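Have a look at this prediction, sequence included:
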Amino acid sequence: MTMAPDPDRIYEAAALELAATASRVLDFGAGRGLHGIDLRTPHNTVVGCDVDSAVLANPLLHRAEVVALGAPLPYDDGSFDLIVCRYVLEHVECPETVSAELRRILAPGGTILAITPNKYGYVAVAASIVPNPLHVAVLKLVQPGKLAEDTFPTRYRMNTRRDLERAFGALSYFLRASGPSAYHFGIDAVAKAFNLLHRILPEPLHTQIVFRYTRPAQS
């Protein structure tokens, strides 16, 4: 049986490749940088923003800002060649507002690269069933080591291809895939069972989405 593509590794490789030629990079929802990758090069500036003040301690950024939920982003039009977004869009309450702001601050010819859960994958379905106030308690069981302060309410309003194309327009890349399971109660046998499941899941039911949106050069 062939190994399934790992969406996290695909996202990371694409982010590093794009950041190598970008001069202005925004990590949208950068958080504390606990699971981030270092996109800094001698030739770029990596800025991070988040609603959580933990972003101010993120060691992978040249500069960080705390932003208000739902407020305009504090950047001029066309400020960034590359915007990366790792497991943030599932928490967005107002897709139209967020996508409009991201498109506004993206330079012509620039790229938005993101990874987010698939709304119809079993992880998102299970999370949708569990009320948000219980997510911290449940995640302590199924994802040992997950910090309470790194757990945020999920909305899944930007987590299908249709949702994303409605928000951004035509996508230049779209993938649904499932990587190694992070939800296994700390039990190796459970992790192996989920990883076997990932190899046979129908493509629409895979757990994660990786996509790119490229702003037309003349817009």
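That came through, no problem.

if I read this right, residue 56 contacts residue 63, doesn't it?
No. Counting by CB atoms under 8 Å, residue 56 sits too far from residue 63 to count as a contact (10.0 Å). (Glycine included, C-beta is placed from N, CA and C.)

Looking at these two, which one has more neighbours?
Counted by other CB atoms under 10 Å, residue 56 and residue 63 do not tie: residue 56 has more neighbours, with 14 against 11.

mind listing what that one touches?
Residue 56 is in contact with 64, 66, counting by CB atoms under 8 Å, 6 or more residues apart in numbering.

The residue nearest to residue 156 when sequence neighbours are not counted: what secondary structure?
Nearest non-adjacent residue to residue 156, counting by CB to CB, 6 or more residues apart in numbering: residue 119, 4.7 Å away. Under DSSP: H, G, I helix; E, B strand; the rest coil, the three-state class of residue 119 is coil.

Next, count neighbours for residue 119.
If you count neighbours by other CB under 10 Å, residue 119 ends up with 18.

Which pLDDT value belongs to it?
As predicted, residue 119 sits at a pLDDT of 97.

Tell me who's in contact with it.
Residues near residue 119 by CB under 8 Å, 6+ apart: 156, 159, 160, 163.

With residue 94 as the reference, measure out to it.
Counting by CB to CB, to the nearest Å, the gap from residue 119 to residue 94 is 17 Å.

what do you get for residue 212?
22 Å.

More neighbours: which of those two?
The residue with more neighbours, out of residue 212 and residue 94, is residue 212; 17 against 13, by other CB under 10 Å.

Can you name the residues that contact the more buried one?
By CB under 8 Å, 6+ apart, the contact list for residue 212 reads 14, 111, 112, 113, 171, 172, 173, 174.

helix or strand for it, which one?
strand 208-214 (DSSP states H and E).

That strand pairs with which strands?
Sheet pairing for strand 208-214, assigned by DSSP bridges, gives strand 106-117 (antiparallel), strand 173-177 (antiparallel).

among the ones you listed, which is the most enclosed?
strand 106-117 (a mean of 21; mean count of other CB atoms under 10 Å).

Output that strand as PDB, restricted to C-alpha atoms.
Taking Å, rounded to 0.1, in the frame of the first residue of the first chain, the C-alpha atoms of strand 106-117 are listed here in PDB:
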ATOM      1  CA  LEU A 106      -1.600  40.800  -0.600                       C
ATOM      2  CA  ALA A 107       0.500  42.300  -3.300                       C
ATOM      3  CA  PRO A 108      -0.400  41.700  -7.000                       C
ATOM      4  CA  GLY A 109       1.200  38.400  -8.000                       C
ATOM      5  CA  GLY A 110       1.500  37.400  -4.300                       C
ATOM      6  CA  THR A 111       0.400  34.100  -2.800                       C
ATOM      7  CA  ILE A 112      -1.700  33.000   0.200                       C
ATOM      8  CA  LEU A 113      -0.700  29.500   1.400                       C
ATOM      9  CA  ALA A 114      -2.800  27.800   4.100                       C
ATOM     10  CA  ILE A 115      -3.400  24.500   5.800                       C
ATOM     11  CA  THR A 116      -6.600  23.900   7.600                       C
ATOM     12  CA  PRO A 117      -8.900  20.900   8.500                       C
END
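
Thanks again, I'm all set now.
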